[in-house]
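> Below is the structure, and that's it, no one-letter string:
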């Protein structure tokens, strides 16, 4: 009975040992393997008999690890629990290595080494770091764009006042037009930065994805030129989203421009639409997403593609692989910002020499939740008799706004901030 009980206990122990998802290795004091579980035989890709009694360092060398396993080395000297992270290049796997001494009373019998696969966790950590970096860059870009906009407003405002004061034949009018045109280009650049930082206000309305693609197809054909074939493969499903149509078109134009530049010798660009369900498995695999139904827009080119390092930086503002002067490096970062602002997601699939696919996921809108309202014509401005209160913290912008409004006959009261505006309004409520 005792022998049967011992045999049963050993079988139960072995069954438990082999059922563990972690690789578990028992090592004696001579650094030789005493036992390994089933997960370990898969990890080392060797049968059990070829692992037992093998020196542990030789076993790791067989899978490309030639340096000493740090926790194993440390536990010999410390006699206590040690741990660390380790990358196995041949298996493309990150493992958390735990090593603990095995004691029998005060006698050291050996060590227990446990390898836990943390590859997915490391991937999620990388995605989190990338998201945090993009958020920080977005905050910086938004702040710069806001301050730059104030400067441009002053240039364009005073420039327009001077332009209005010049006759059509004035010799300086042409030069002033160039100044204002350059300022307008700079203002468009700040709009792009604001789109990336998600601080540009979106005009959200119900939008049918297929209609948006059809509506901009002609313009996209002009962007890519005659050497590239534009193919559209649109879903039969009616996919309604809440979006700013102009911004979604901007995303498609930016992705099309990127595809064109990746195919200098011609090729094809395919735009596909379809329904896509983001589930828990998708979220777990990618590290982002909210479960639900989405409209997916995919753009696939047959261009030069990109390596993994380039893909990591693809959505960063001012990152470009183009020659100096041939790109701002803002196109994809703007697309990223717009999609995020629409509570959507964008990812990339590419290999060097094998083309690139961008996938955009935008949350579907239920038609039952839409309220249609008739647009009302705006009442014409009376002009010239109203009093306008301006609250602006930038003194130069404040003065310029006052001068422009006064030139149209308005009475202007200026305030430096919100608190000052309330006080001025209280003082002048009868005006």
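Everything's here; your move. Since this is a predicted model, take the numbers as computed values, not measurements. Numbering: from 1, shown residues only.
> which parts of stretch 249-258 are buried?
Residues of stretch 249-258 classed as buried by neighbour count (16 or more other C-beta atoms under 10 Å): 249, 250, 251, 252, 253, 254, 255, 256, 257, 258. Placement of C-beta: from N, CA and C, glycine included.
> Assign a three-state SS to residue 430, would you?
Classification of residue 430 by DSSP: H, G, I helix; E, B strand; the rest coil places it in coil.
> Phi, psi for it please.
Dihedral pair for residue 430: phi -80, psi -20, per degrees, to the nearest 10.
> now swap in residue 103 and tell me
The phi/psi pair for residue 103 (degrees, to the nearest 10) reads phi -110, psi 150.
> how about it, what does it touch?
residue 109 (C-beta atoms under 8 Å, 6 or more residues apart in numbering).
> Could you do residue 133 as well?
residue 316.
> Next, the buried residues of whatever helix or strand residue 11 lives in.
According to DSSP states H and E, residue 11 maps onto helix 2-19. Neighbour counts using 16+ other C-beta under 10 Å place residue 17 of helix 2-19 among the buried residues.
> what inclination does the next helix or strand after it have with respect to helix 2-19?
Once the chain leaves helix 2-19, the next helix or strand it forms, by DSSP H and E, is strand 23-28. Per axes from the mean of the first three to the mean of the last three C-alpha atoms, to 10 degrees, the angle that strand 23-28 makes with helix 2-19 is 130 degrees.
> Pull the distance from strand 23-28 to the chain's centre.
In terms of C-alpha atoms, centre = their mean, to the nearest Å, the centre of strand 23-28 is found 41 Å from the chain centre.
> Export the buried residues of stretch 249-258 to TSV and append columns for distance to residue 426, secondary structure and pLDDT.
Below are those laid out as TSV (distance: C-beta to C-beta, whole Å; DSSP: H, G, I helix; E, B strand; the rest coil; pLDDT from 0 to 100):
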residue	distance to residue 426	secondary structure	pLDDT
249	45	helix	85
250	43	helix	83
251	46	helix	88
252	49	helix	91
253	48	helix	86
254	48	helix	87
255	52	helix	91
256	54	helix	91
257	52	helix	89
258	54	helix	87
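> if we can go back for a sec, name the residues that touch the helix holding residue 11?
For helix 2-19, the surrounding residues in contact (C-beta under 8 Å, 6+ apart) are 24, 35, 37, 38, 39.
> Would you map the helices across this protein?
With DSSP state H as the definition, the chain shows helices at residue ranges 2-19, 38-44, 48-51, 56-61, 70-78, 119-165, 173-197, 209-224, 245-261, 280-286, 308-313, 331-341, 395-407, 418-427.
> closest to residue 106 among the contacts of helix 2-19?
Nearest to residue 106 out of the contacts of helix 2-19 is residue 35 (C-beta to C-beta; 22.6 Å).
> give the contact list for that closest one.
Residue 35 sits next to 17, 24, 25, 26, 52 when contact means C-beta under 8 Å, 6+ apart.
> okay, and for the stretch 301-431 of the chain, where does confidence drop off?
317-330, 367-384 (pLDDT under 70).
> Let me fix that, I meant to ask about the stretch 1-150 of the chain.
Applying pLDDT under 70 to the stretch 1-150 of the chain flags the ranges 130-131, 134, 137-138.
> at 90 instead, please
Within the stretch 1-150 of the chain, the ranges that satisfy pLDDT under 90 run 1-19, 28-31, 56-57, 61-62, 64-86, 89-92, 100-111, 119-150.
> Would you mind measuring the gap between the ends of stretch 401-418?
This stretch, stretch 401-418, spans 17 Å end to end (C-alpha to C-alpha, to the nearest Å).
> what about that stretch, distance to the chain center?
Per C-alpha atoms, centre = their mean, the centroid offset for stretch 401-418 relative to its chain is 41 Å.
> Next one: residue 313 from residue 306, what distance?
For residue 313, the distance to residue 306 equals 10 Å [C-beta to C-beta, to the nearest Å].
> who's more crowded, the two?
Set side by side, residue 313 and residue 306 show unequal neighbour counts under other C-beta atoms under 10 Å, the larger going to residue 306 at 21 against 14.
> Phi first, then psi, for residue 20.
For residue 20, the backbone dihedrals (degrees, to the nearest 10) come out as phi -70, psi 140.
> residues contacting it?
37, 39.
> again, but for residue 27
Residues in contact with residue 27 (C-beta under 8 Å, 6+ apart) are 33, 34, 56, 72, 110, 111, 112, 113.
> Was I right to think the fifth one contacts residue 34?
Yes: between residue 110 and residue 34 there is a contact at 6.5 Å, judged by C-beta atoms under 8 Å.
> Overlap in contacts, those two.
Counting by C-beta under 8 Å, 6+ apart, the contacts common to residue 110 and residue 34 are 26, 27, 28.
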